[in-house]
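*Asks:* only geometry, no sequence info:
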Ligand SMILES: [Mn+2]
């Protein structure tokens, strides 16, 4: 499959790249790796601006932010990365592409591409993109390696999560040999917090609640909190880990109010509980240990629904 996709990308005159709403390091790293590898023939489209912490990656300044999918020009290939479901790319219309190629590692991937390279065993989409770029037989430079390393590094929580395997370290080793700098990436991602984010975290931690005999912990962020701290939704990245990170807690819940209405939910489990299953019951998806969904309800209603669904799972 990797060879087939390498051939499709090699032969395309124009490649348009897409990632999911609220892009993370894996999504941004994967698309920008392809952009840096193939150069001008690649356009990266996003409904959201690139989160500040990923703007050190080469090519991030060239990402085209669209309001409406009609602004996206047709291309030989639409390449969708790190996205299990086309509904996560706002307005996505694959009929504008010769071929829709999907590279992803979500368990809940629907196989919506014409060609799908989906491996839920993989730590990250970037690990899969690395295999595809290697299959072209051409050299991978330090900029490409840095993008790919960023995805592997962030999607494994800094090589901590259960999907961190020997192959993950093998890929990371090779990417470092190709020029990715682990300390530089670590500083950019985890040691360059905007002050507003830390202020928001302070407010968010004040909402901590334990549920179901301390096996579930929840945190939330309201629109008022963004207002008071001058922060943005992207500043909430990884807040959910503070809920999961408490001793005895098996599932962490993070809920944030959305400016467009409703809420976005992130769920993280330490292992035993399959949060992808819970998210799927609410129209979302993800991985066994990390999943999410969006709902048109209040924080309180959402929390109540989640707790009743989780009640059966944590027992
Ligand atoms: Mn990912």
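*Replies:* It's in. Quick caveat, the model's predicted, so the values are computed rather than measured.
*Asks:* Next, count neighbours for the residue in the stretch 1-150 of the chain that the ion sits nearest to.
*Replies:* Among all residues of the stretch 1-150 of the chain, residue 26 sits closest to the ion, at 3.4 Å; criterion: Cβ to the ion. (Each C-beta comes from the backbone N, C-alpha and C, glycine too.) Burial of residue 26 is recorded as 28 neighbouring residues (other Cβ atoms under 10 Å).
*Asks:* By average pLDDT, which secondary structure element in the protein comes out worst?
*Replies:* One helix or strand of the chain scores below all others by mean pLDDT, DSSP states H and E: strand 285-286, with a mean of 88.
*Asks:* Tell me if that strand is near the ion.
*Replies:* No. Against the ion, strand 285-286 shows no contacts by Cβ under 5 Å from the ion, the least distance being 9.3 Å.
*Asks:* now for the next helix or strand after that strand, which elements pack on it?
*Replies:* The helix or strand immediately downstream of strand 285-286 is strand 290-295, counting by DSSP states H and E. Helices and strands touching strand 290-295, as assessed by 3 or more Cβ pairs under 8 Å, 6 or more residues apart in numbering; DSSP states H and E, comprise strand 263-269, helix 275-281, strand 285-286.
*Asks:* Show me what counts as buried in the second one.
*Replies:* By neighbour count on 16 or more other Cβ atoms under 10 Å, the buried set for helix 275-281 is 275, 276, 277, 278, 279, 280.
*Asks:* how close does the fifth one get to residue 294?
*Replies:* For residue 279, the distance to residue 294 equals 10 Å [Cβ to Cβ, to the nearest Å].
*Asks:* Which neighbours do these two have in common?
*Replies:* residue 265 (Cβ atoms under 8 Å, 6 or more residues apart in numbering).
*Asks:* For the chain, which segments count as strands?
*Replies:* For the chain, strands defined by DSSP state E occupy the ranges 15-18, 42-46, 64-65, 75-81, 97-104, 115-118, 209-211, 216-221, 251-257, 263-269, 285-286, 290-295.
*Asks:* ok and the residue in the stretch 151-300 of the chain nearest the ion?
*Replies:* residue 155 (4.5 Å).
*Asks:* what's the closest non-adjacent residue to that residue?
*Replies:* residue 124 (3.8 Å; Cβ to Cβ, 6 or more residues apart in numbering).
*Asks:* What is the burial count for that neighbour?
*Replies:* Residue 124 has 28 nearby residues by other Cβ under 10 Å.
*Asks:* so who does it touch?
*Replies:* Here residue 124 is in contact with 26, 30, 82, 105, 151, 152, 154, 155, 156, 168 (Cβ under 8 Å, 6+ apart).
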